[in-house]
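Trainee: sequence and predicted structure below; questions after.
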Amino acid sequence: MTAPIIQIRDVSKSYDLSDAAPPALADFSLEVEAGESLAVLGRSGSGKSTLLNLIAGLDRPSRGTVVVGGVAVHELSEAGLAGFRRERIGMVFQFFNLLDDLSVEDNVLLPAQLAGMHRDEARKRATELLARLGVARHARTFPGLLSGGERQRVAVARALMNRPPLLLADEPTGALDSASAADVRELLTSLNAEGQTIVLVTHDTALAESCATRTIELLDGRLHRDVRNAPVAVAR
Ligand code: ADP
Ligand code: MG
């Protein structure tokens with residue numbers, strides 16, 4: 001058996017160094033296997049984004065270890081973290097985080113340029129991804145002119161550009177109308193069916209139910225529930 005793609009051991013994360021506030025994550029351990037689609041549920045403030053940011057190397061644990069694809073993320077330098085994120089992680093956010101003064105195509109090309117992918121290869125891949133995600137006709141459009149659902153498709157294309165082993169999504173349907181949300185649900189489900197490992201933070205129980213193979217629930221920075229193939233209903 002291969003090692004889990006994510007191994008989090010005994011992690012605590014405090015933003016407040018005086019320890020006046022309770023930690024955002026406390027004594028937290030989790031393993032995720034390649035091919036899983038993990039939904040992370042929990043009330044606002046329960047530590048979901050903190051968890052995602054630690055996996056992505058956007059933040060560091062106060063204690064404990066975070067190993068992703070065999071890389072000890074908690075030990076990387078800033079430059080090491082940048083390379084790790086570029087090569088191993090695709091990220092999708094609630095508000096898309098697209099650059100509004102770049103075309104859709106240029107947004108999708110950006111991660112490849114940063115990674116030094118050859119220009120022709122990058123263009124070919126961007127064209128394929130935009131087609132596959134159903135937004136090819138908007139390649140030369142600017143993101144601000146697209147619907148929320150279309151923007152999120154572009155954001156997913158950008159996240160997948162460098163073929164990351166791990167796709168992370170923080171409330172990807174949080175800013176979408178219900179039709180667009182259904183669209184993004186379908187997209188994430190089919191990506192996982194093709195083997196993409198996904199960790200997805202969401203309030204959207206429909207999203208967890210339709211596209212997660214496993215659901216965890218955080219409560220006050222701790223692992224409260226861990227359920228395979230039977231997502232839980234969670235209080236909002
Ligand atoms: P969730 O995503 O589940 O809403 P977060 O991980 O964002 O929860 O936050 C968990 C806790 O950590 C909250 O109490 C929040 O206020 C605190 N927190 C999150 N980010 C920061 C930060 N950058 N600085 C200080 N406190 C933070
Ligand atoms: Mg959050």
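Mentor: Noted; the coordinates are in hand. Ligands and ions are numbered 1, 2, ... in the order given.
Trainee: could I get the contacting residues of residue 51?
Mentor: Counting by Cβ atoms under 8 Å, 6 or more residues apart in numbering, residue 51 makes contact with 8, 25, 28, 30, 40, 201, 218. Using the backbone N, CA and C atoms, a C-beta is placed for each residue, glycine as well.
Trainee: repeat the analysis, applying 10 Å as the threshold.
Mentor: Residue 51 makes contact with 8, 11, 13, 24-25, 28, 30, 40, 42, 59, 66, 168, 170, 199, 201, 216, 218, 221, 223, according to Cβ atoms under 10 Å, 6 or more residues apart in numbering.
Trainee: in strands only, show me these.
Mentor: Applying DSSP state E to these, the entries found in strands are 8, 11, 13, 25, 28, 30, 40, 66, 168, 170, 199, 201, 216, 218, 223.
Trainee: give me the distance between the second one and residue 131.
Mentor: What it means is residue 11. Residue 11 sits at a distance of 40 Å from residue 131 (criterion: Cβ to Cβ, to the nearest Å).
Trainee: the more surrounded of those two?
Mentor: residue 11 (23 against 13; other Cβ atoms under 10 Å).
Trainee: contacting residues for the more buried one?
Mentor: Neighbours of residue 11 in contact, by Cβ under 10 Å, 6+ apart: 23, 25-30, 50-51, 54, 61-66, 74, 221.
Trainee: please name the bridge partners of residue 63.
Mentor: Going by DSSP bridges, residue 63 is paired in beta bridges with residue 12.
Trainee: narrow the ones in strands among the contacts of residue 51 to just the buried residues.
Mentor: Buried by 16 or more other Cβ atoms under 10 Å: 8, 11, 13, 25, 28, 30, 40, 66, 168, 170, 199, 201, 216, 218, 223, out of the ones in strands among the contacts of residue 51.
Trainee: can you give me the strands for this structure?
Mentor: Counting by DSSP E, the strands of the chain are 6-13, 25-32, 37-41, 63-68, 71-72, 89-93, 166-170, 197-201, 214-219, 222-228.
Trainee: make JSON lines out of these and add distance to ligand 2 and mean pLDDT.
Mentor: Converted to JSON lines, the strands of the chain look like this (distance: least, Cβ to the ion, whole Å; pLDDT from 0 to 100):
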{"stretch": "strand 6-13", "distance to ligand 2": "13", "mean pLDDT": "98"}
{"stretch": "strand 25-32", "distance to ligand 2": "12", "mean pLDDT": "97"}
{"stretch": "strand 37-41", "distance to ligand 2": "9", "mean pLDDT": "97"}
{"stretch": "strand 63-68", "distance to ligand 2": "18", "mean pLDDT": "98"}
{"stretch": "strand 71-72", "distance to ligand 2": "24", "mean pLDDT": "97"}
{"stretch": "strand 89-93", "distance to ligand 2": "10", "mean pLDDT": "96"}
{"stretch": "strand 166-170", "distance to ligand 2": "6", "mean pLDDT": "97"}
{"stretch": "strand 197-201", "distance to ligand 2": "6", "mean pLDDT": "97"}
{"stretch": "strand 214-219", "distance to ligand 2": "10", "mean pLDDT": "96"}
{"stretch": "strand 222-228", "distance to ligand 2": "16", "mean pLDDT": "95"}
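Trainee: just the pLDDT for the nearest residue to residue 146 once chain neighbours are set aside.
Mentor: Using Cβ to Cβ, 6 or more residues apart in numbering and skipping the chain neighbours, the partner closest in space to residue 146 is residue 138 (5.9 Å). For residue 138, the pLDDT comes out at 97.
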